[in-house]
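Enquirer: fold the stuff below for me.
(chains A, B and C)
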Amino acid sequence: MSDDIPLFTLLDLVGTFAFAISGALAARQKNLDLFGVIAIAWLVACGGGIIRDLSIGAVPPAGLADWRYLLLALTASILAIVAYPVLRRLAHPVQMFDALGLGFFAVFGAHKSLVFGHNAQVAIALGVVSAVGGGVLRDVLLNRLPLILRKEIYASAALLAACVQVAGESLGLPMAWVSWTGITLCFSLRYLAMRRGWNLPRIGGTER
Amino acid sequence: MSDDIPLFTLLDLVGTFAFAISGALAARQKNLDLFGVIAIAWLVACGGGIIRDLSIGAVPPAGLADWRYLLLALTASILAIVAYPVLRRLAHPVQMFDALGLGFFAVFGAHKSLVFGHNAQVAIALGVVSAVGGGVLRDVLLNRLPLILRKEIYASAALLAACVQVAGESLGLPMAWVSWTGITLCFSLRYLAMRRGWNLPRIGGTER
Amino acid sequence: MSDDIPLFTLLDLVGTFAFAISGALAARQKNLDLFGVIAIAWLVACGGGIIRDLSIGAVPPAGLADWRYLLLALTASILAIVAYPVLRRLAHPVQMFDALGLGFFAVFGAHKSLVFGHNAQVAIALGVVSAVGGGVLRDVLLNRLPLILRKEIYASAALLAACVQVAGESLGLPMAWVSWTGITLCFSLRYLAMRRGWNLPRIGGTER
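Expert: The predicted model follows:
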């Protein structure tokens, strides 16, 4: 990170970009038109943050009020289209970029809620909500059962990152260390769960 | 109800718990993992209330700002898992607890909107929205056609309860009587509709 | 338009009515009960506006606070049921009324955001969001892939209308001319795209 871009602006923009790529890739796999790809990319990138901003009273939500988010969604869409042959060689490319965005947004969401004067619980809850919100919207719009409800460790990883960030800020630890620790833990946990097939205990069966 | 818990806090918490159980049962039937069950339980319990709170300007929404809601969702999830053999003997257990929550939330939602200084129409509309919102989110996430759009009397029961509450408060009748009347009417109407197969007139056919 | 009804109230109500008819027709085709038809009609008519109002801080949202919207949804539902034999003779009746509502809401949404003191970007973004929001909710609830993500020019038409309105207001051009130009352009573009099968370039295939 450079000295010119404040830490949290950077976290927000990187998270937005990672989610936008995950959305654009998912939309591309569904055979949508150019606008559909951009729309899904934007919605995945900004959906969680819009819910967060409405909940903390940050009106109008940044995802609507700031051209940079739309630009990031556009860039991510073009990248997802142009670089598709490269990206598809990744295992589960949608989930990979989703995992990246998850950590950045959990940390940034928790931080922004604290900045707006809310308490630790609100900050943790909204960190998780802004991290998982975009992905839930993506899956609902594309008629898939949301990733968060399916098998692997997902929201738990976002919860971990949000808790690290809130605990770190409460204890007054150095911001950059705290944030990058939260992001790294979240991504590693999610990545390992994906790679090794770690799951939380399954409940119930298919019986009615 | 005891004298220690104010009436409306009680209504809110009971409604939350009933919705959380209905959500946890629906999630369990879909073979979700532990987190999925808790997430759906929490969302069904708090989704309607969050939409209500954003609409009346109660920021941050109680469902995000108060640990008790998350605790209730957790407890309901554990209960739904542990006591599943008992609960499944009920006819339509998901819909039964949903019907309970419906009445409590319609009354509490209408009351909270009045407390925030909104007029009778807003109170009735938001009573219905907070009562049906969680169930709609549950069905959308689990890829089912929302209960509210399917066959039986549903939102009409919530509408009745919200109207009773708003009328009662406007006339200055004793709160507890008004609220319990609304809840009883709503649950009875919904329960009878479920049992006896009462429906509103069906419109249209399957033709395109 | 008469001198008694201010221009923008008229635009809002006509757009609401057009969306309500599109929703009621879609619900009727899905064999929903009377309440389901009214609920979908109301949600399509008011959903986009509620998201817009929450985003600009217009609390409580007009769609919840004003009886006229519910009345329009009711009237549209009855009309969709009674006049169904006439309406179904239109090609794609749901999409036809949707296209009408799209233009009116894009213009009204952009205007309302400017009135609430937001800048050009927010106004354009919220014009599009209020125009497409109701239709997205309709398709999500009825378990269809949203129109906006499917083949034809859709949100682009709303974007055009919102840009015309924002540009016109910034330049101080006569309001009525600007608004009707935006609406006409949006409807014509959407209608021609529908009739002639115009599409944006399709991206990607069905491969995973």
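
Enquirer: please make it C-alpha for all contacts and neighbour counts, starting now.
Expert: Fine.

Enquirer: can you list the neighbours in contact with the worst-scoring helix or strand of chain A on mean pLDDT?
Expert: The helix or strand of chain A with the poorest confidence is helix A:84-87; it has a mean of 82 (mean pLDDT, DSSP states H and E). Contacting residues not belonging to helix A:84-87 are listed as A:Leu25, A:Ala80, A:Pro93 [C-alpha atoms under 8 Å, 6 or more residues apart in numbering or on different chains].

Enquirer: out of these, grab the one that's most surrounded.
Expert: A:Leu25 (27 neighbours; other C-alpha atoms under 10 Å in any protein chain shown).

Enquirer: ok, back up a step: which ones among the contacts of helix A:84-87 map onto helices?
Expert: Secondary structure from DSSP state H places A:Leu25, A:Ala80, A:Pro93 of those in helices.

Enquirer: low-scoring pLDDT stretches of chain A, where are they?
Expert: Chain A contains residues with pLDDT under 70 at A:1-5, A:91, A:150-152, A:198-208.

Enquirer: how about the residues of it near chain C?
Expert: Selection of chain A residues close to chain C by C-alpha under 8 Å from any C-alpha of the partner chain yields A:28-37, A:39-40, A:54, A:59-61, A:64-67, A:81, A:140-143.

Enquirer: now, of those, which are buried?
Expert: Neighbour-count burial within the residues of chain A next to chain C applies to A:28-37, A:39-40, A:54, A:59-61, A:64-65, A:81, A:140-143; the criterion is 16 or more other C-alpha atoms under 10 Å in any protein chain shown.

Enquirer: report the entries of these that also contact chain B.
Expert: A:Leu54, A:Val140, A:Asn143.

Enquirer: between the residues you listed, which is nearest C:Ser170?
Expert: Nearest to C:Ser170 among those: A:Leu54, at 27.4 Å, using C-alpha to C-alpha.

Enquirer: can you tell me the element the closest one falls in?
Expert: Using DSSP states H and E, A:Leu54 maps to helix A:34-56.

Enquirer: for that helix, enumerate the helices and strands it packs against.
Expert: Under the contact definition 3 or more C-alpha pairs under 8 Å, 6 or more residues apart in numbering or on different chains; DSSP states H and E, helix A:34-56 sits against helix A:7-29, helix A:62-65, helix A:67-82, helix A:93-115, helix A:120-141.

Enquirer: closest one to C:His118 among these?
Expert: Comparing the helices and strands packed on helix A:34-56 by C-alpha to C-alpha, helix A:62-65 comes nearest, at 8.5 Å.

Enquirer: contact partners of the closest one?
Expert: A:Cys46, A:Gly47, A:Gly49, A:Ile50, A:Asp53, A:Tyr69, A:Leu70, C:Asn119, C:Gln121, C:Val122, C:Ala125, C:Leu126.

Enquirer: pull it out as PDB, backbone CA atoms only.
Expert: Extracted in PDB, the C-alpha atoms of helix A:62-65 (Å, rounded to 0.1, in the frame of the first residue of the first chain):
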ATOM      1  CA  ALA A  62     -21.100   5.000  -1.300                       C
ATOM      2  CA  GLY A  63     -21.800   2.300  -3.900                       C
ATOM      3  CA  LEU A  64     -24.300   4.700  -5.500                       C
ATOM      4  CA  ALA A  65     -22.600   8.000  -4.800                       C
END
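
Enquirer: from the chain's centre, how far out does that helix sit?
Expert: 16 Å (C-alpha atoms, centre = their mean, to the nearest Å).

Enquirer: distance of A:Leu171 from A:Leu25?
Expert: 39 Å (C-alpha to C-alpha, to the nearest Å).

Enquirer: ok, A:Ala73 touching A:Ile38?
Expert: Yes. A:Ala73 is within contact range of A:Ile38, at 6.3 Å (criterion: C-alpha atoms under 8 Å).

Enquirer: skipping its backbone neighbours, what lies nearest A:Lys175 in space?
Expert: One thing to correct before we go on: residue A:175 is Met, not Lys. A:Glu169 (7.0 Å; C-alpha to C-alpha, 6 or more residues apart in numbering or on different chains).

Enquirer: so that neighbour makes contact with A:Trp177?
Expert: No. A:Glu169 is beyond contact range of A:Trp177, at 10.7 Å (criterion: C-alpha under 8 Å).

Enquirer: ok, those two, which is more surrounded?
Expert: A:Glu169 (18 against 11).

Enquirer: check which helix or strand the more buried one maps to.
Expert: For A:Glu169, the host element (DSSP H and E) is helix A:155-171.

Enquirer: contacts for that helix?
Expert: In contact with helix A:155-171 (C-alpha under 8 Å, 6+ apart) are residues A:102-103, A:106-107, A:109-111, A:120, A:123-125, A:127-128, A:131-132, A:148, A:174-175, A:178-179, A:181-183, A:185-187, A:189-190, B:35.

Enquirer: what do you get for stretch A:94-102?
Expert: A:14-19, A:21-23, A:25-26, A:131-132, A:135, A:158, A:186-187, A:190-191.
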